[in-house]
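Asks: I need the structure of the sequence given here:
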Amino acid sequence: MTDADTEPVSGAARRHGKRPPRVLRMSVELPLWRALTGYRILTLVYALCLFALTYKQYAHPLGAGAYMAALTVWMGFTWRRTTTAERCTRHFLIADLTFAVGGILLTSLVDTHARILGGGPTLPSIWTAGAVLGFAIKRGWRWAAVASTAVAVANLVERQELARDTIHNVVLVWVASVAIGYVVEVARASERTLARALQIEAATRERERLARDIHDSVLQVLAMVQRRGAAIGGEAAELGRMAGEQEVALRTLVSGGLMPPPRAEAAPPPAPGTGAPPAPAGGRCDVRALLAPYAGAGVTFSEPGAPVELAAAAAAELAAAVGAALDNVRVHAGDDAHAWILVEDEPQSVIVTVRDDGPGIPEGRLADAEREGRLGVALSIRGRLRDLGGNAEWISIPGQGTEVELTVPKGAAPKGRGRGKAKE
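Replies: Numbering: from 1, shown residues only. Now for the predicted structure:
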């Protein structure tokens with residue numbers, strides 16, 4: 001069960017007239033509080049009807065009527081107290097239980113001894129259980145046991161004997177309240193565990209998003225500096241060696257270490273060596289416009305004659321995944337390898353295939369690369385497609401090249417707060 005709540009409005013939001021986002025908060029207790037409120041109201045009506053039918057049988061009907069009137073006024077002022085946990089305070093629960101116990105003890109003063117021994121109802125009747133259940137929902141089974149014991153003692157004092165029906169009622173209230181209190185405690189623990197799991201999932205998705213951005217920018221630059229420095233030699237070789245060390249350290253941190261939370265949603269720097277324009281911030285855009293700049297001397301681009309539209313953020317993520325696939329072609333297939341990009345517009349999805357004529361990928365190499373912290377496939381490609389609700393499939397035969405098929409459902413949007421980016 002969920003209860004929609006809103007976050008506080010900041011000063012900037014008030015000045016610009018913006019409404020804060022609505023946040024859904026889990027609440028397993030809310031149905032219980034609503035049920036308790038309904039129970040108290042219905043049982044009050046029952047107690048009043050029962051009193052009206054037996055009014056003349058009381059030894060002191062005016063005293064009994066005064067208590068029932070006071071109980072009705074009490075309910076009129078406090079019925080909202082049991083609608084939420086915040087309103088149901090400890091002082092209210094104690095006062096409510098005092099009203100119930102007081103009504104039970106007052107019964108022996110306003111009713112005849114014969115009716116009491118004959119099993120006549122107390123003045124509050126079954127309304128008393130509502131006060132006990134309030135303790136169970138608010139404080140758990142231990143407080144429910146204490147409240148039930150107080151009601152049990154009051155019933156025994158009022159009846160002045162251990163009659164079977166009295167014991168039956170006492171045990172029933174005690175067991176029911178303790179059971180409900182225990183269930184509430186278990187539900188609260190489960191709710192906390194679920195909330196923690198959702199936080200971990202959100203943090204994991206954010207970490208993967210950051211890892212993709214780092215792979216698309218910082219790690220690529222460090223790898224290029226390492227290769228160019230080694231090729232130039234001299235002082236550049238030392239710079240390349242240091243860049244290689246930092247690349248290894250950063251890959252280790254991203255793949256297995258803890259990433260600090262981002263402080264701002266700043267746009268990451270563009271990746272070197274690519275030419276895809278940035279996607280628009282909102283609306284829909286043509287995937288062809290984002291992928292066409294990848295075409296060049298070593299890349300052939302094939303597209304449909306009609307626009308292939310996706311949500312702008314999803315299109316940007318797809319273009320970034322294609323850019324990561326082309327990076328892998330340049331790094332692993334060599335400068336002489338040729339790549340082909342094919343865009344297909346299906347009724348329910350957009351499919352982009354990236355194929356090369358390189359040496360292919362040996363079996364098990366993708367899993368080994370992920371364990372080594374090389375995130376081009378694990379996050380920049382497969383992670384992006386997973387967040388879009390799509391998938392990425394590899395077909396590779398050693399000596400015959402590699403084919404990557406990227407499928408994105410239409411209407412997809414990236415999960416989490418982070419926005420995808422296209423390769424530049």
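Asks: Ala129 reaches Leu42, doesn't it?
Replies: No. Counting by Cβ atoms under 8 Å, Leu42 is not a contact partner of Ala129; they are 11.5 Å apart. For every residue, glycine as well, the C-beta is placed using N, CA and C.
Asks: Neighbour count: the two, which is higher?
Replies: The neighbour comparison of Ala129 against Leu42 (other Cβ atoms under 10 Å) goes to Ala129, with 23 against 13.
Asks: Could you pull up the residues touching the more buried one?
Replies: 39, 43, 173, 176-177 (Cβ atoms under 8 Å, 6 or more residues apart in numbering).
Asks: State the helix or strand in which it lies.
Replies: helix 128-139 (DSSP states H and E).
Asks: Please, where are all the helices along the protein?
Replies: 11-15, 30-53, 61-78, 90-110, 113-117, 128-139, 141-159, 164-214, 220-232, 235-256, 287-291, 312-328, 365-371, 382-387 (DSSP state H).
Asks: Just send those helices back as a markdown table, with mean pLDDT and distance to Gly334 too.
Replies: As requested, those are exported to a markdown table (pLDDT from 0 to 100; distance: least, Cβ to Cβ, whole Å):
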| stretch | mean pLDDT | distance to Gly334 |
| --- | --- | --- |
| helix 11-15 | 43 | 52 |
| helix 30-53 | 90 | 62 |
| helix 61-78 | 92 | 80 |
| helix 90-110 | 90 | 74 |
| helix 113-117 | 80 | 99 |
| helix 128-139 | 89 | 69 |
| helix 141-159 | 87 | 70 |
| helix 164-214 | 78 | 25 |
| helix 220-232 | 76 | 13 |
| helix 235-256 | 69 | 20 |
| helix 287-291 | 89 | 22 |
| helix 312-328 | 86 | 12 |
| helix 365-371 | 56 | 16 |
| helix 382-387 | 82 | 23 |
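Asks: Comparing the ones you listed, which comes out most buried?
Replies: helix 312-328 (a mean of 26; mean count of other Cβ atoms under 10 Å).
Asks: what's the angle from that one to helix 164-214?
Replies: 50 degrees (axes from the mean of the first three to the mean of the last three Cα atoms, to 10 degrees).
Asks: Minimum distance to Ser396: which of the helices of the chain has it?
Replies: With Cβ to Cβ as the criterion, Ser396 lies closest to helix 365-371 of these, at 8.6 Å.
Asks: send the alpha carbons of the helix holding Ala129 over as PDB?
Replies: Output of helix 128-139 as PDB, limited to C-alpha atoms (Å, rounded to 0.1, in the frame of the first residue of the first chain):
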ATOM      1  CA  THR A 128     -12.900  -1.600  24.500                       C
ATOM      2  CA  ALA A 129     -11.000  -3.700  22.000                       C
ATOM      3  CA  GLY A 130     -10.300  -0.600  19.900                       C
ATOM      4  CA  ALA A 131      -8.300   1.000  22.700                       C
ATOM      5  CA  VAL A 132      -6.200  -2.200  23.000                       C
ATOM      6  CA  LEU A 133      -5.700  -2.500  19.200                       C
ATOM      7  CA  GLY A 134      -4.400   1.100  19.200                       C
ATOM      8  CA  PHE A 135      -1.600   0.000  21.500                       C
ATOM      9  CA  ALA A 136      -0.900  -3.000  19.200                       C
ATOM     10  CA  ILE A 137      -0.600  -1.000  16.000                       C
ATOM     11  CA  LYS A 138       1.300   1.900  17.600                       C
ATOM     12  CA  ARG A 139       3.600   0.200  20.000                       C
END
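Asks: next one: it to chain centre, how far?
Replies: On the basis of Cα atoms, centre = their mean, to the nearest Å, helix 128-139 is displaced by 30 Å from the centre of the chain it belongs to.
Asks: quick revisit: which one of the helices of the chain lies nearest to Val343?
Replies: Across those, closest to Val343 is helix 287-291 (Cβ to Cβ), at 6.2 Å.
Asks: what residues does the closest one touch?
Replies: 276-277, 279, 301, 303-304, 307-310, 315-316, 318-319, 322, 341, 343, 350, 352, 422.
Asks: out of these, which are buried?
Replies: Buried by 16 or more other Cβ atoms under 10 Å: 276, 279, 301, 303, 308-310, 315-316, 318-319, 322, 341, 343, 350, 352, 422, out of the contacts of helix 287-291.
Asks: ok so, going back, I'd like the helices of the chain written out as JSON lines, with distance to Ser396 added.
Replies: Converted to JSON lines, those look like this (distance: least, Cβ to Cβ, whole Å):
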{"stretch": "helix 11-15", "distance to Ser396": "51"}
{"stretch": "helix 30-53", "distance to Ser396": "53"}
{"stretch": "helix 61-78", "distance to Ser396": "71"}
{"stretch": "helix 90-110", "distance to Ser396": "67"}
{"stretch": "helix 113-117", "distance to Ser396": "88"}
{"stretch": "helix 128-139", "distance to Ser396": "59"}
{"stretch": "helix 141-159", "distance to Ser396": "60"}
{"stretch": "helix 164-214", "distance to Ser396": "22"}
{"stretch": "helix 220-232", "distance to Ser396": "22"}
{"stretch": "helix 235-256", "distance to Ser396": "22"}
{"stretch": "helix 287-291", "distance to Ser396": "22"}
{"stretch": "helix 312-328", "distance to Ser396": "11"}
{"stretch": "helix 365-371", "distance to Ser396": "9"}
{"stretch": "helix 382-387", "distance to Ser396": "14"}
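Asks: Out of the ones you listed, which is closest to Pro398?
Replies: Nearest of those (Cβ to Cβ): helix 365-371, 9.9 Å.
Asks: ok and the helix holding Ala129 relative to helix 90-110, angle-wise?
Replies: Using the same axes, to 10 degrees: helix 128-139 against helix 90-110 is 160 degrees.
Asks: on that earlier part again, how about the contacts of Ala129 in JSON lines, adding distance to Leu291?
Replies: Putting these into JSON lines (distance: Cβ to Cβ, whole Å) gives the following:
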{"residue": "Tyr39", "distance to Leu291": "63"}
{"residue": "Thr43", "distance to Leu291": "68"}
{"residue": "Val173", "distance to Leu291": "70"}
{"residue": "Ala176", "distance to Leu291": "65"}
{"residue": "Ser177", "distance to Leu291": "65"}
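Asks: which one of the helices of the chain lies closest to Gly399?
Replies: The nearest among those, by Cβ to Cβ, is helix 365-371 at 14.0 Å.
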